[in-house]
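> sequence plus predicted model, see below.
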Amino acid sequence: MSDVMQIITLISIWLSLLMSMVTLSGAIAFWLKHSKVLVKITPLPRYPKVTIVVPAHNEELVIKNTATAILNLNYPKDKLEVLFYADNCEDHTADVLDSVLAEERFKNRNAKVIRRTGTGGKAGVLNDALKIAHGEYLGVYDADAMPESNALYFLVRKVLENPKRYIAAFGRNKTRNAKQNFLTRCINQEIVVTQRIQHCGIWQLFKIGRIPGTNFIINKEYVESIGGWRNGALTEDTDISFKIMGSGKLIALAYNSEAFQQEPERLKDYYFQRLRWAKGNYEVVINNFKHLFDRSNWRVKLETFYYSCTFFWFNAAIILSDIIFLANVIAMIVHIWQPGVQLPFTITSSNILLAQILLLNWLLMILLYILQIYAAMCTQFGQATTGQIWLALASYFSYSQLFIVVSVHAVCSVTADRLFHRDSTKWVKTKRFAD
């Protein structure tokens, strides 16, 4: 039985490495093509009206800079409507927004502050905005996400390339407090790899896009046709992404659209934020797992397979490989004093073959982890440094291992929520810091 478990674990790890290499090759192909293109800001064939929605819950520390950046976007002012939602706030978020809109340069702008006391979290805010928005498209920015001045322009330009098929467009998000401490530096590397390798690689290979939590636009009429966002969804972005793919439409990548968001600076805040994301992704996988076996759109099948592998299969394989390794190490130590103790997991009598295979696996995982990070950094000016390589090496043995802990916690929490009918929509608010 142990032999079967070891073989399954090793094959699973090799498959995870293969999937990562395929994604990386797609990203390299994407950047070899687009890095040579000189991007110019030229007039669009038309400027559809866009309603930007900013959900904000107790965000007084960061909302001023975000609101100012949104109101300064390079987009015709008569084609822009902005809805700031102070959602069940217990601080001065609404007052700060009022003061921003009262500034002389922003007077007579089509923007307002809405003090909301409803339920449903962020998804509830977006559904409320859907009822009163006048734009052809809805744009969403989190309270801590400052868009670059041309962010909206690039999003709109992308959907106009094929408005019937590109039902939404998303940009990328950068860490605005990346240099704060070791944690934020690691988060920055993670986000850069996600945005510049995973998103670009998957789009290049399969034309699959994933709506992030911020810096995206989506066709309002389409959102109405699918009934809006699911109230209380922990990851409303992933949830609606599956709905879009299931309808045969595309979420287009506008790689030049950028927003700068604030990341957690304390381990506790980071942990509970990622726990909420992991729980939300598990819920989406569980809800969509049936599509692997029905006649759903092939992109839905592929995305469900990807999420299932990432959050279930490959995580389990890594945990099993760690168990095999630790059990053998403990047995080897005990064997010094108790010669009768045998190694619990072996392939050959000497166990040299298993040790060599496991060592090769770990070396390949470390190498690929660093290669992905460095390749991603090469797409950003001034970030491909030897310091980033050393940081990647350190983060592999510390920061990246937290994902396994978070994933196990999320699985246990989702299971308990379903068994005991607990409210799974509550989470710990991510602490903000003044810029």
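Happy to help now that I have it.
> going forward, measure contacts and count neighbours with C-alpha atoms only.
Noted.
> what are the pairing partners of the lengthiest strand in the chain, and which direction each?
Secondary structure of the chain per DSSP state E: the longest strand is strand 250-261. Strand 250-261 sits in its sheet next to strand 145-147 (antiparallel), strand 166-175 (parallel), going by DSSP bridges.
> okay, those, which one's buried deepest?
Mean neighbour count (mean count of other CA atoms under 10 Å) peaks for strand 145-147 among the strands paired with strand 250-261, with a mean of 29.
> follow-up on the earlier one: for the strands paired with strand 250-261, give me JSON lines that also has mean pLDDT and distance to Ala394.
Formatted as JSON lines, these follow (pLDDT from 0 to 100; distance: least, CA to CA, whole Å):
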{"stretch": "strand 145-147", "mean pLDDT": "95", "distance to Ala394": "28"}
{"stretch": "strand 166-175", "mean pLDDT": "94", "distance to Ala394": "19"}
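> export the ones you listed to TSV and tack on distance to Trp277?
Listed next are those as TSV, based on distance: least, CA to CA, whole Å:
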stretch	distance to Trp277
strand 145-147	17
strand 166-175	16
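> those: which one's closest to Lys122?
Closest to Lys122 of the strands paired with strand 250-261 is strand 145-147 (CA to CA; 14.6 Å).
> show residues contacting the closest one.
65-67, 69-70, 73, 141, 173, 214-215, 258-262 (CA atoms under 8 Å, 6 or more residues apart in numbering).
> and Thr9, which of the strands paired with strand 250-261 is closest to it?
Ranking the strands paired with strand 250-261 by proximity to Thr9 (CA to CA) places strand 166-175 first, at 34.2 Å.
> and the helix or strand that that closest one is followed by, which residues are buried?
Once the chain leaves strand 166-175, the next helix or strand it forms, by DSSP states H and E, is helix 182-193. For helix 182-193, the neighbour count (16 or more other CA atoms under 10 Å) marks 183-193 as buried.
> packing partners for helix 182-193?
strand 166-175, helix 352-378, helix 386-396 (3 or more CA pairs under 8 Å, 6 or more residues apart in numbering; DSSP states H and E).
> ranking those by burial, who's on top?
The highest mean neighbour count among those, using mean count of other CA under 10 Å, belongs to strand 166-175: a mean of 25.
> report the distance from that one to the chain centre.
11 Å (CA atoms, centre = their mean, to the nearest Å).
> repeat for stretch 56-63
Relative to its parent chain, stretch 56-63 has a centroid offset of 21 Å by CA atoms, centre = their mean.
> give me the residues contacting it.
Here stretch 56-63 has contacts from 84-94, 96-97, 142-144, 432-435, using CA under 8 Å, 6+ apart.
> can you lay out the helices and strands packed on helix 182-193 as a markdown table showing distance to Glu221?
Formatted as a markdown table, the helices and strands packed on helix 182-193 follow (distance: least, CA to CA, whole Å):
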| stretch | distance to Glu221 |
| --- | --- |
| strand 166-175 | 10 |
| helix 352-378 | 36 |
| helix 386-396 | 43 |
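> tell me, which of these is the model least confident about?
With a mean of 81, helix 352-378 has the lowest mean pLDDT of the helices and strands packed on helix 182-193.
> all strands of the stretch 1-150 of the chain, in order?
Along the stretch 1-150 of the chain, counting by DSSP state E, counting those that start in this stretch, strands occupy 50-56, 80-87, 111-116, 137-140, 145-147.
> what's the answer for the stretch 201-350 of the chain, then?
Assigned by DSSP E, counting those that start in this stretch, the stretch 201-350 of the chain shows strands spanning 216-219, 250-261.
> please identify the most buried of the ones you listed.
Stretch with highest mean neighbour count among the strands of the stretch 201-350 of the chain: strand 216-219 (a mean of 26; mean count of other CA under 10 Å).
> who does that strand pair up with?
Counting by DSSP bridges, strand 216-219 is paired with strand 137-140 (antiparallel), strand 166-175 (antiparallel).
> on that earlier part again, output the buried residues of helix 182-193 in TSV; the columns should cover distance to Asp237 and pLDDT.
As requested, the buried residues of helix 182-193 are arranged in TSV below (distance: CA to CA, whole Å; pLDDT from 0 to 100):
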residue	distance to Asp237	pLDDT
Leu183	24	95
Thr184	23	95
Arg185	25	95
Cys186	23	94
Ile187	20	94
Asn188	20	93
Gln189	21	93
Glu190	18	92
Ile191	16	93
Val192	19	92
Val193	19	93
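> not counting residues beside it along the chain, what's closest to the spatially most central residue of the chain?
Centroid-nearest residue in the chain, with CA atoms, centre = their mean: Pro212, separated by 5.9 Å. Of all residues not flanking Pro212 in the chain, Asp237 sits nearest, at 5.7 Å (CA to CA, 6 or more residues apart in numbering).
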